[in-house]
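Student: Fold the following, please.
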Amino acid sequence: MSALRVPLASLEPGDRLLDANTAHYVTRVRRMLPGTRFVAFDPQAREEADAELVELNLTSVVVRVGALRPATVLPAREVSLIQCVGKADKLDAVVRDATELDATAILPAISARSVATRASDTALVRLRRIALDAARQCGRGDVPRVDRPAPLADVLRAQAAELRLLLHPSAALRASSALEQLGAATSVALAIGPEGGFADDEVAAAMHAGFLPVRLGASVLRTETVAAAMLGALLLRPPTR
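Tutor: Below you'll find the model as predicted:
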């Protein structure tokens, strides 16, 4: 069984009083008791430590944090996932899967065929919480950056990854062939459209921004499936040294 993991910001050795949200998770969700050991991790600093719950009462929860060490599970390369916003809660699933599959930045984009969405603070907080929870569950020592939805053209222009791929079912080149170019590349950007796909002018704009159109295969996949498939393929091709 893998060790329990609890995210703690500004991690330092010594005794620490937990904030209300973390205390609720530790005592109500995980039902920890004094003496329970776990791994505390700071996703921003990419550090972790062995820890123990040492005090539990009606008003406070105190844990004891041991010596810090670098996080042991981190992505092998920088992977930016440009995911055009789709219907309902699809973005929730994309953020969860992308975190587990080592994306380092999740960049929601508004394209011509995106479902209208409000870039509310509440929605952004929820997505970042989903990413943090996914990192905790999968053992990852950091958490991907999750941005507020922005116009697709702006997101494309901001990319400077060594390999930039745009997923399109009509592309002539297969993604597997494009991934042969990875080699020692330490940064990749993937652009994935919404349910209706990219408009022709969006494909042209992506190519102008250095993106190479590729297809996964003969089948037309759901937008959230494409993200998981491409990120999984990248995991199987770590950077060569």
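Student: Is the residue nearest the centre of the chain within a helix or a strand, and which one?
Tutor: The residue lying closest to the centre of the chain (Cα atoms, centre = their mean) is T99, at 3.1 Å. Using DSSP states H and E, T99 sits in helix 90-100.
Student: my read: A189 touches L163, true?
Tutor: Yes: between A189 and L163 there is a contact at 7.4 Å, judged by Cβ atoms under 8 Å. The way it works is simple: take the backbone N, C-alpha and C, and place the C-beta from them, glycine included.
Student: relative to helix 90-100, how tilted is the longest helix along the chain?
Tutor: When the chain is parsed with DSSP state H, its longest helix is helix 121-138. Interaxial angle of helix 121-138 relative to helix 90-100 (axes from the mean of the first three to the mean of the last three Cα atoms, to 10 degrees): 40 degrees.
Student: Can you name the element that comes right after helix 121-138?
Tutor: Counting by DSSP H and E, the next helix or strand C-terminal to helix 121-138 is strand 145-146.
Student: just checking, what packs against that following strand?
Tutor: strand 105-110, helix 121-138 (3 or more Cβ pairs under 8 Å, 6 or more residues apart in numbering; DSSP states H and E).
Student: Can you name the residues in contact with the helix or strand that that strand is followed by?
Tutor: Next helix or strand after strand 145-146 toward the C-terminus (DSSP H and E): strand 150-151. Strand 150-151 has contacts (Cβ atoms under 8 Å, 6 or more residues apart in numbering) with L107, P108, A109, I110, A119.
Student: who's the fourth one bridged to?
Tutor: Note on I110: beta-bridge partners P151, judged by DSSP bridges.
Student: buried residues in the longest strand seen in the chain?
Tutor: What stands out as the longest strand in the chain, according to DSSP state E, is strand 47-56. Neighbour-count burial for strand 47-56 flags E47, E48, A49, A51, E52, L53, L56 (criterion: 16 or more other Cβ atoms under 10 Å).
Student: Ok, stretch 33-42 next?
Tutor: For stretch 33-42, the neighbour count (16+ other Cβ under 10 Å) marks T36, F38, V39, A40, F41, D42 as buried.
Student: correct me, but the residue nearest to the centre of the chain touches D142?
Tutor: No: applying Cβ under 8 Å, one finds T99 not in contact with D142, separated by 9.6 Å.
Student: shared neighbours of those two, which are they?
Tutor: Residues touching both T99 and D142 (Cβ under 8 Å, 6+ apart): A135.
Student: okay, A189 and L163: which has more neighbours?
Tutor: More neighbours surround A189 than the other of A189 and L163, with 26 against 21 (other Cβ atoms under 10 Å).
Student: State the phi and psi torsions of the more buried one.
Tutor: As for A189, its main-chain torsions (degrees, to the nearest 10) stand at phi -120, psi 130.
Student: That one: what's it in contact with?
Tutor: A189 makes contacts with V79, S80, I82, Q159, A161, L163, R164, L165, F211, as judged by Cβ under 8 Å, 6+ apart.
Student: The fourth one - nearest residue in space that isn't next to it in sequence?
Tutor: Leaving aside its chain neighbours, Q159 sits nearest to A189 (4.6 Å; criterion: Cβ to Cβ, 6 or more residues apart in numbering).
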